[in-house]
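Student: Build me a model:
(2 chains)
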Number of protein chains: 2
Amino acid sequence: GAAPAIAQSAPTIKWRLTSSFPKSLDTIYGGAEVLSKRLAAMTGGKFTVQVFAAGEIAPGLQALDVTQNGTVECCHTCSYYYVGKDKTFGFGTSVPFGMNARQLNAWVYFGGGDKLLNEFYSNYNVVHFLGGNTGVQMGGWFRKEINTLADVKGVKMRIAGLGGTVFSALGMVTQQIAGSDIYPALEKGTIDAAEWVGPYDDEKLGFHKVAKNYYFPGWWEPGPGINFFINKDAWAKLPKEYQEAFQAAAYEANVTMMAEYDYKNPLALRRLIGQGVKLKKYSNEIVEAAYKAAVQLYSDESAKNPAFKKIYTDYLKNQKDMNQWFGVAELGMDQFLQQHVK
Amino acid sequence: GAAPAIAQSAPTIKWRLTSSFPKSLDTIYGGAEVLSKRLAAMTGGKFTVQVFAAGEIAPGLQALDVTQNGTVECCHTCSYYYVGKDKTFGFGTSVPFGMNARQLNAWVYFGGGDKLLNEFYSNYNVVHFLGGNTGVQMGGWFRKEINTLADVKGVKMRIAGLGGTVFSALGMVTQQIAGSDIYPALEKGTIDAAEWVGPYDDEKLGFHKVAKNYYFPGWWEPGPGINFFINKDAWAKLPKEYQEAFQAAAYEANVTMMAEYDYKNPLALRRLIGQGVKLKKYSNEIVEAAYKAAVQLYSDESAKNPAFKKIYTDYLKNQKDMNQWFGVAELGMDQFLQQHVK
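Tutor: Residues are numbered from 1 along each chain as shown, chains lettered A, B, ... in the order given. Sure, this is the predicted structure:
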C-alpha cells in the first residue's frame, strides 16, 4: 500500500502509564501493553504511552495517586485497591457477590455505570475506562480444609479489599500482603491461606507447592474489571483523535484480557490438578454466611456514605435484572455443555 | 486542546460496508456503525466506512459474496449464513452445542482460531475479524408446547443453519424465512414455530402476540459471533495505520455488542413475561437427542470435508478445555448469584 501519511502532521505526544502489576503477571500487566502498542501503531508512533511496571515509578497500590497528582498521565490498576480511601472504589473492579465480567461491561457501557463512576472519580481528578477483566477469580489456597464456619475462625489469610472485610466478619484474621511476599509467608506458616487471581497467575507464584486445597469460587470477585485512569487535565488536552484512539484501544484491552485468561486458565488448572492440587468448592454454610455479611456491609456503608449508596443502588438494580436473564438461557446452556462437551 | 493535526496529510479512503441486518435490529446492525463512527473519529474523517443495511447494496444473505467479488470492501454478517457453500462456515459464528461468547473470543484471539479461520476464508478472498456477539440465543417461539421427541415430529419451524439440520434429523420440518416474513407465517399458521435471536430482537418482531411458548436455550447458538469480512485486495491496499484502526474498532464492536445485548435482553424478557409469555426449558429428552444428532453431523461432515475436520478438531479441543474451567469457578458463582441476587 501507499506509505502511510496519517502520522506526518500529527502532534507528537508521549505519555507515561504506571501499572499496578509486575511484568511477571503477563496477562494482567499485558493489558496496558495492548493499549500502548495499538496506539503507537494507529498513529504511526506519534502518540505513545510508555508502560512502567509496578514499582518503577510508583508502588502498585499508588497508581491512582500519581495519576491524580499528574506525575503520570495515566495508570492501569484496579479501582478496588483504593477502598481504603472510599469503599465506593469497589464497584469499578468488583465487590463481593457483585457482577460477573459480562455484566460489568453491560452496566458500565450501557446501564449508566460509566457516568456514575466518572462522576465519583472526578473527585480524584481522573476519568476511567475499563481495561481488562480476569473473570471469576479462585477462592484461594488453604493449607487445611475449611468446611464450616467454625473452621474459618482464626484462620490467617492473605486476602485483598472488601473480601477481607467480609471474611473478617466471619472471624478470619485477614491481611494484605504484596504479591511477592505471599509465597514465603504461606510456606513458613505465617499465614494459613492466600488468594491471588486464578490458575494461570497462581501457578506462577507456586502456591500449590505449599497449600494443596484450592477453593472456588472467589465470591468476592465474580468478574473484576481492570481500569485505566487518566488524569483529567491530561485527558482534556489530548487531541480529539487521540482520545478516540485511546478509547478504542481500551475496549481492545478489555476484551482481549478476558479472552487471554479464558484461554490460559483452563490449561493451568489442568496442570495444577496434575500436580495433586485438590479443587474444593466453598461450602454453602460459608458462602451463605459471607453473602449475609456482604449485604450487611453494603447496608451499613450506604447509611453513611451517599456516594456509595448512589452507585450501589444503581449497580444492584442492574445486577438483579441481568441475573434473571443470565439464569435462563446462559445458565441452562453452560450447564449442559459443561456436562457433555468435556 | 490543539487542533488535531492527525488527519491533515492522511490519505482519504472511503469504503462501503454491506450489513446482513436491517436497521430495525439496532443492536446487531449497530455493530457496523460502532466501527464506522470510531474509524471516522480516530482519523478525522479521512477513513470512512459507510454502512448499508441489508438489501440496499445486496441481500442480507449475500454480504459475503459481494465482499468476495469486490463490489464492496467489507461486510458485517454471520459466517454461518454461508453453510450452504461449506459447513465449515459455521465455526466463525456458532455451531450447535458450540462455544459460548467468551469461549469464542478466547479461541479466536488466543487459541489459534483466528489463523485457522483466515486460512479457510482465504478461499473466499476475504479476511475476518470478530465484530459482535449476541450471547446464547433463545430457542424459539412455539404455538404449542413441545415436551417429547414425538411432539417434535412434523412441527414446521423457521430455523436457520445447522440448527435446522439437527432439528430435521429429529423429524421436524425446518425452513429458512427472511426476518420480515416470519411473523405473518407464524400468525397464519403456515409455520408452527420460529426462532430469531433473543428477547430484545424477538420482541420487536412481535412473535409473542401469536405464539406464547418461548423456549430456551437456543442450543444451536450458544454464543454466536458476528463477523466483519474484508476483501483481501482492499485489505492489502489499506495503509497500515488504517488497518490497525480497523482492528481496534472491530474489538470495540465485538465487546460493546455483547454488552448492549446483556443490558437490553433482561429488560425485554421482563416485558415479555409481563405480557403473558411462558418461558419453557427444552426437555432433556429433546436436548439430549439434538446433541447426539449434532455430534453425528460433525462426524459425518468431518469424514468428507477436510477443512471442516481440521477446524472442528481444534475447536472441540479448545471447547473441552474451557468447559472444564468454566464449570468450576464461573458456574458455581453464577448459580449462587442468580439464586440470591434477584
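
Student: Please name the spatially closest residue to residue A:202 (chain neighbours excluded).
Tutor: Once flanking residues are discounted, residue A:202 sits nearest to residue A:196: 5.0 Å by C-beta to C-beta, 6 or more residues apart in numbering or on different chains. To be clear about C-beta, it is placed using only N, CA and C from the backbone, and glycine gets the same treatment.

Student: pLDDT value on residue A:221, please?
Tutor: Residue A:221 is assigned 96 on the pLDDT scale.

Student: typo on my end, residue A:2
Tutor: As summarised for this prediction, residue A:2 has a pLDDT of 42.

Student: I'd assumed residue A:206 was in contact with the residue nearest to residue A:202.
Tutor: No: look at residue A:196 against residue A:206 with C-beta atoms under 8 Å: they stay out of range, at 10.6 Å.

Student: between the two, which one's more packed in?
Tutor: Set residue A:196 next to residue A:206 and count neighbours by other C-beta atoms under 10 Å in any protein chain shown: residue A:196 wins out with 22 against 12.

Student: returning to what we had before: host element of the residue nearest to residue A:202?
Tutor: Residue A:196 is part of no helix or strand when elements are defined by DSSP states H and E.

Student: what's the answer for the one 4 residues further on, then?
Tutor: In this assignment (DSSP H and E), residue A:200 forms part of helix A:199-205.

Student: what's the spacing between that helix and its chain's center?
Tutor: 15 Å (C-alpha atoms, centre = their mean, to the nearest Å).

Student: before we move on, what about stretch A:156-166?
Tutor: Put simply, stretch A:156-166 sits 15 Å off its chain's centre (C-alpha atoms, centre = their mean).

Student: pLDDT of that stretch, averaged?
Tutor: Mean pLDDT, stretch A:156-166: 93.

Student: still on that earlier bit, parallel or antiparallel, which strands does the helix or strand following the helix holding residue A:200 pair with?
Tutor: Downstream of helix A:199-205, the first helix or strand assigned by DSSP H and E is strand A:213-216. Note on strand A:213-216: by DSSP bridges, its sheet partners are strand A:141-142 (antiparallel), strand A:278-281 (parallel).

Student: and the ones you listed, which is most packed in?
Tutor: strand A:141-142 (a mean of 25; mean count of other C-beta atoms under 10 Å in any protein chain shown).

Student: helix or strand right after it?
Tutor: Next along from strand A:141-142, by DSSP H and E: helix A:149-152.

Student: Show me which residues of that next one are buried.
Tutor: Of the residues in helix A:149-152, A:151, A:152 count as buried by neighbour count, 16 or more other C-beta atoms under 10 Å in any protein chain shown.

Student: And the average pLDDT for it is what?
Tutor: The average of the pLDDT scores along helix A:149-152 is 98.

Student: ok now do residue A:148, which residues does it touch?
Tutor: Counting by C-beta atoms under 8 Å, 6 or more residues apart in numbering or on different chains, residue A:148 touches A:283, A:285, A:286.

Student: Include distance to residue A:116 when you put the residues you listed into JSON lines, please.
Tutor: Converted to JSON lines, the contacts of residue A:148 look like this (distance: C-beta to C-beta, whole Å):
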{"residue": "A:283", "distance to residue A:116": "35"}
{"residue": "A:285", "distance to residue A:116": "35"}
{"residue": "A:286", "distance to residue A:116": "32"}
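
Student: Most neighbours among those, please name it.
Tutor: Counting neighbours by other C-beta under 10 Å, residue A:286 leads the contacts of residue A:148 with 21 neighbours.

Student: show me what contacts it?
Tutor: Going by C-beta under 8 Å, 6+ apart, the list of residues near residue A:286 reads A:146, A:147, A:148, A:149, A:152, A:170.

Student: With residue A:259 instead?
Tutor: For residue A:259, the contacting residues are B:102, B:105, B:106, B:108, B:109, B:110, by C-beta under 8 Å, 6+ apart.

Student: try 6 Å this time
Tutor: By C-beta atoms under 6 Å, 6 or more residues apart in numbering or on different chains, residue A:259 lies in contact with B:105, B:106, B:109, B:110.
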